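Engineer: Here is the input, now give the coordinates:
(one chain, ligands or ions: 1)
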Amino acid sequence: MPLLIDPPPADEPRYERSSDGTWVIVSSARLARPLPDRLSSLSGPTICPFCEGNESTTPREVFALRNGTTADTPGWRVRVVPNLYPGVVTTVNGTERDNENSCGGYGRHEVIIERPDHDADILDLPSPHFGNVIEVYQERMKALADDQRIECGVLFKNSGRFAGASQEHVHSQLMGLAILPEHVKKILSHESHVPALLKGHPTVVVNSDHFIAYCPEPSFFPFEVWIAPKDREPDFRNAPPAQFVELGKVMRNILRTLSRMITPLAYNTFLHTAAFDGKKRPFDRWHLKITPRMETLAGCELGAGIYMNPIRPSWAAEQYRKILPQVADEE
Ligand SMILES: [Zn+2]
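Structural biologist: You can find the predicted model right below:
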């Protein structure tokens with residue numbers, strides 16, 4: 001495992017059940033496992049469709065943060081376009097999809113391009129810009145919810161080859177689905193542990209004015225972090241935009257800390273939020289998950305739905321707390 005820090009002490013393997021009932025095997029022995037070479041970088045196209053100046057190579061934008069410039073031209077900070085290779089669509093050859101016959105196919109699949117410049121890393125994103133990005137997440141989530149046929153919004157980021165990224169340029173994806181997946185239903189049927197964690201717990205990484213970041217116990221992935229609001233709010237659409245710069249700072253500092261602990265840095269982020277049907281469920285807080293991808297999912301995870309994690313969350317949290325203060329003040 002490509003750690004930049006000392007490994008945790010050897011520990012007995014354990015079966016543990018996560019808050020949603022999924023089994024995790026915690027086994028430090030897996031740290032010694034030989035891994036395939038992961039240093040090959042992504043081979044990007046010669047023209048990046050997400051770069052400022054290449055707006056004509058994407059579908060027409062559906063939203064952008066601009067300073068008075070015209071749509072589909074340069075001069076934006078964050079830009080949203082339909083995915084050129086969508087998983088779900090609203091129309092086929094100009095005809096709206098029939099929800100009766102192809103309910104799995106109806107939906108919206110958007111790309112949120114988070115910076116205009118290609119080489120800029122998200123780790124260097126100033127917190128006000130990170131706040132802008134989160135503002136756009138919310139804006140688009142609201143827009144999807146306005147479509148009565150869409151049941152839920154799935155927001156995620158794949159960063160790095162091991163996390164499934166196919167474009168280097170920093171971006172996220174948002175899918176509006178005409179179904180409520182079982183996986184999401186399961187997540188929405190559980191309360192968070194936030195009220196207990198707020199009393200103090202070894203898995204807490206950051207406790208800021210309005211957010212708590214922690215390593216869930218057990219975690220599916222090594223160094224996994226969840227960021228949730230302290231106040232009860234299941235729907236991200238209701239999150240106060242005045243808190244987004246703070247949230248961006250927490251997120252960025254966690255990613256910076258990760259970059260000091262694992263290499264190469266690859267990770268997914270997911271937003272879990274209330275479904276659009278307005279039903280009351282136990283789910284009490286929307287949250288962002290950061291799942292570092294140090295290994296690909298293999299047979300046990302895919303075949304049995306059991307995750308194996310060599311890193312104990314309380315140990316991971318301790319490492320975050322040690323390193324995070326060193327990166328927190330770097331703008
Ligand atoms: Zn680019």
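Engineer: where do the helices sit along the stretch 51-200 of the chain?
Structural biologist: Ranges of helices in the stretch 51-200 of the chain, per DSSP state H, counting those that start in this stretch, are 127-145, 182-188, 194-197.
Engineer: Oops, could you answer that again for the stretch 201-331 of the chain instead?
Structural biologist: Under DSSP H, counting those that start in this stretch, the stretch 201-331 of the chain gives helices at 244-261, 299, 313-328.
Engineer: Point out the other helices and strands that the last one packs with.
Structural biologist: Contact partners of helix 313-328 among helices and strands, from 3 or more Cβ pairs under 8 Å, 6 or more residues apart in numbering; DSSP states H and E: strand 204-207, helix 244-261. For glycine as for every other residue, the C-beta is placed from the backbone atoms N, C-alpha and C.
Engineer: try the first one
Structural biologist: If contacts are counted by 3+ Cβ pairs under 8 Å, 6+ apart, helix 244-261 sits against helix 127-145, strand 204-207, strand 211-214, strand 225-229, strand 267-272, strand 287-292, helix 313-328.
Engineer: one more time with 6 Å, if that's ok
Structural biologist: Under the contact criterion of 3 or more Cβ pairs under 6 Å, 6 or more residues apart in numbering; DSSP states H and E, helix 244-261 touches helix 127-145, strand 211-214, helix 313-328.
Engineer: Mind listing what's buried along the first one?
Structural biologist: By neighbour count, and taking 16 or more other Cβ atoms under 10 Å as the criterion, the buried residues in helix 127-145 are 127, 129-141, 143-145.
Engineer: if you average pLDDT over that helix, what comes out?
Structural biologist: What helix 127-145 shows for mean pLDDT is 96.
Engineer: now, of the helices and strands packed on helix 313-328, which is deepest in the fold?
Structural biologist: helix 244-261 (a mean of 21; mean count of other Cβ atoms under 10 Å).
Engineer: Report the separation between the residue positioned nearest the centre of the chain and residue 289.
Structural biologist: In the chain, the centroid-proximal residue (Cα atoms, centre = their mean) is residue 269; its distance is 1.5 Å. Separation of residue 269 from residue 289 (Cβ to Cβ, to the nearest Å): 7 Å.
Engineer: Same question for residue 110.
Structural biologist: Taken as Cβ to Cβ, the span from residue 110 to residue 289 is 20 Å.
Engineer: Serialize the helices and strands packed on helix 244-261 to CSV and add fields for distance to residue 246.
Structural biologist: Listed next are these as CSV, based on distance: least, Cβ to Cβ, whole Å:
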stretch, distance to residue 246
helix 127-145, 8
strand 211-214, 7
helix 313-328, 12
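Engineer: now those in JSON lines, with distance to the ion?
Structural biologist: As requested, the helices and strands packed on helix 244-261 are exported to JSON lines (distance: least, Cβ to the ion, whole Å):
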{"stretch": "helix 127-145", "distance to the ion": "16"}
{"stretch": "strand 211-214", "distance to the ion": "29"}
{"stretch": "helix 313-328", "distance to the ion": "25"}
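Engineer: so which of the ones you listed gets nearest residue 181?
Structural biologist: helix 127-145 (14.9 Å; Cβ to Cβ).
Engineer: now the closest one and strand 267-272, what's the angle there?
Structural biologist: 50 degrees (axes from the mean of the first three to the mean of the last three Cα atoms, to 10 degrees).
Engineer: residue contacts, residue 276?
Structural biologist: 145, 151-152 (Cβ atoms under 6 Å, 6 or more residues apart in numbering).
Engineer: What number of residues are in the vicinity of residue 67?
Structural biologist: 7 (other Cβ atoms under 10 Å).
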